[in-house]
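Novice: 3D, please:
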Amino acid sequence: WQPAAKLLELNGVLLHQGTLPLPLPHQNCVIRLDASVKPELLLQQADAFYGGSANPYAIITMSRQDLDLDACLDAQGFTAHADLPAMLADTPLAMPATAPGWRIDLLTEATDLPAFVTVCAKAYATLGLPEFMTPGFFVKAEGLLAPDVSIALARNGQGQVAATAMVLHTGEVAGLYWVGTLPEARGAGLASACTVAVTNLAMERGAHGVTLQATHLGEPTYRRIGFREYGRMTRWSR
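Specialist: All right, here's what the predicted structure looks like:
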């Protein structure tokens with residue numbers, strides 16, 4: 001969804017560079033796909049790909065399979081900023097109750113994209129992502145309206161959108177992203193309903209599992225609606 005973004009898979013390493021110069025989880029991040037890749041090789045590839053300190057990056061590691069990489073990053077002066085659960089649902093989920101007067105719609109028109117971005121911006125500001133940066137993730141509207149993207153919106157009778165969740169359909173496994181609620185609308189079960197709606201939709205379209213990386217704020221909610229933890233993810237940066 002960012003016109004100048006780059007994505008490279010090379011030698012068992014996945015590297016992504018977005019258009020914002022920050023080591024955020026959704027951009028400027030490195031993931032080791034092959035556990036046999038030496039940490040030193042990963043760092044060499046990352047430094048070459050990002051071109052030095054002008055483009056800071058994060059390295060995402062998974063518990064158990066990346067213990068050697070964790071040790072190397074710690075020794076190299078990287079700092080662990082987050083220890084978050086990787087979670088999974090592999091059966092359809094029960095739709096939770098929501099406050100009266102709200103409905104869950106799928107985003108199908110470009111005219112609803114500004115409301116979606118606004119909810120994401122205000123919701124993720126609570127987690128430390130500056131509100132003014134969020135629109136930079138969603139520059140290309142056609143990418144958000146593509147067949148492999150489904151976005152649920154919680155809307156009231158006046159048409160106002162207060163919560164959202166997005167699923168990326170990738171075949172047997174789908175990914176859940178950008179779950180959030182406007183701060184003033186929290187506590188009504190809206191984000192939970194959006195999450196269940198797109199999770200079940202992904203399974204209807206053939207996914208055997210739907211994964212997400214939870215924040216500490218969202219983890220209790222995901223557990224309550226039926227997701228379970230299968231590992232821990234750590235985000236390292238200099």
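Novice: My guess is Ser36 contacts Leu42. True?
Specialist: No: assessed by CB atoms under 8 Å, Ser36 is found out of contact with Leu42, at 11.2 Å. Any C-beta I mention is one placed from the backbone N, CA and C, and that applies to glycine too.
Novice: ok, those two, which is more surrounded?
Specialist: Neighbour comparison, Ser36 and Leu42: the larger count goes to Leu42, with 23 against 6 (by other CB atoms under 10 Å).
Novice: Specify the local secondary structure of that one.
Specialist: helix (DSSP: H, G, I helix; E, B strand; the rest coil).
Novice: for stretch 106-121, what is the average pLDDT?
Specialist: In this model, stretch 106-121 carries a mean pLDDT of 96.
Novice: Just the residues contacting it, thanks.
Specialist: Among residues not part of stretch 106-121, those counted as contacts by CB atoms under 8 Å, 6 or more residues apart in numbering are 131-132, 134-135, 137-138, 141, 144-145, 150-153, 160-164, 178, 180-182, 197, 201.
Novice: Filter these down to the buried ones, ChimeraX style.
Specialist: For the buried members of the contacts of stretch 106-121, the matching ChimeraX selection, counting by 16 or more other CB atoms under 10 Å, is:
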select :134,137,138,144,150,151,152,153,161,162,163,164,178,180,181,182,197,201
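Novice: so how far is Leu153 from Ile104?
Specialist: As for Ile104, its distance to Leu153 is 7 Å (criterion: CB to CB, to the nearest Å).
Novice: any residues in contact with both of the two?
Specialist: Where contact means CB under 8 Å, 6+ apart, the residues bridging Ile104 and Leu153 through contact with each are Cys194.
Novice: most centrally placed residue in this structure?
Specialist: Nearest residue to the geometric centre of the chain (CA atoms, centre = their mean): Tyr177, 3.8 Å.
Novice: Just want the phi and psi numbers for the closest residue in space to that one that isn't next to it in sequence.
Specialist: On the basis of CB to CB, 6 or more residues apart in numbering, the spatially nearest residue to Tyr177 that is not a chain neighbour turns out to be Met166, at 4.9 Å. Geometry field for Met166 lists phi and psi as phi -120, psi 140, criterion degrees, to the nearest 10.
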